[in-house]
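Chemist: Following is a predicted model, sequence given first.
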Amino acid sequence: MTDSAAAIVSLYERHAAAYDALRGRKLMEVAWLERFCTLLPAVPSVLDIGCGMGEPIARHLIERGCAVTGVDSSGPLIGLCRERFPEQSWQVADMRDLALGRRFDGLIAWDSFFHLRHDDQRLMFPLFRQHAAEGAALLFTSGPGHGEAIGTFEGEPLYHASLAPEEYRRLLGENGFVVIDHVVEDATCGGHTVWLAQRH
């Protein structure tokens, strides 16, 4: 499974156009995004970690008045973001090396950091803390329990991993976040397992 984990960046670079075409634009995430937005100040800055091509999530946040900074390891996907939303900030970056030198009012890692190996996921929580302003909201998705899974995309292996819920809670707490809500396989959101937390 580690080989497929190492191939994630290349996969999304090579198949960016296919991902753009296949990614649904229907915003099944809207209820979670709205809850996230209620925790933000009036004119918030939001860091979208693993932003893909910026649709539909970044588009929704931009339309809600957020100033979005998006990072993704796929240059072609970031290129699409720059074409569609040139007034926002977009950077090609591996989230594991995130070092933007600023803090944000909100952070999102939706369907993104669950492509990382377990150890890499653990190392993301200090990075979340480093980029989170006081009171910042954090919204991310995980699997329902500890494990690894291999899906497919464009006929190639697509790696996913998750820590146990208890470990996510511990990591959040150790890095200054309080869990606001956590739903396992939310039936109203396409079966996503979702975490909403806030830095205190």
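Modeler: That came through fine.
Chemist: Could you pull up the contacting residues of the residue in the chain sticking out farthest from the centre?
Modeler: Ranking residues of the chain by C-alpha distance from their mean position (Cα atoms, centre = their mean) puts G155 at the top, at 23.6 Å. With contacts defined as Cβ atoms under 8 Å, 6 or more residues apart in numbering, G155 has no neighbours. Using the backbone N, CA and C atoms, a C-beta is placed for each residue, glycine as well.
Chemist: Could you report the pLDDT at it?
Modeler: The pLDDT attached to G155 in the predicted structure is 78.
Chemist: measure it to M53 for me?
Modeler: As defined by Cβ to Cβ, to the nearest Å, G155 lies at a distance of 21 Å from M53.
Chemist: tell me which element P126 falls in.
Modeler: When elements are assigned from DSSP states H and E, P126 belongs to helix 118-130.
Chemist: do the same with I150
Modeler: For I150, the host element (DSSP H and E) is strand 147-153.
Chemist: centre of the chain versus the helix or strand following that strand, how much separation?
Modeler: Using DSSP H and E, the helix or strand that directly follows strand 147-153 along the chain is strand 156-162. Taking the mean C-alpha point of strand 156-162 and that of its whole chain, the gap between them comes to 15 Å (Cα atoms, centre = their mean, to the nearest Å).
Chemist: now the angle between strand 147-153 and strand 156-162, please.
Modeler: Orientation note: strand 156-162 sits at an angle of 150 degrees relative to strand 147-153 (axes from the mean of the first three to the mean of the last three Cα atoms, to 10 degrees).
Chemist: switch to numbering from 240
Modeler: Okay, residue one is now 240; in that scheme the one you just asked about reads as strand 395-401.
Chemist: Assumed Y407 was part of a strand.
Modeler: No: judged by DSSP: H, G, I helix; E, B strand; the rest coil, Y407 forms no part of a strand; its state is helix.
Chemist: ok, now which ones touch it?
Modeler: Shown in contact with Y407 (Cβ under 8 Å, 6+ apart): 381, 434.
Chemist: With the one 3 residues further on instead?
Modeler: Taking Cβ under 8 Å, 6+ apart as the definition of contact, the neighbours of L410 are 361, 364, 402.
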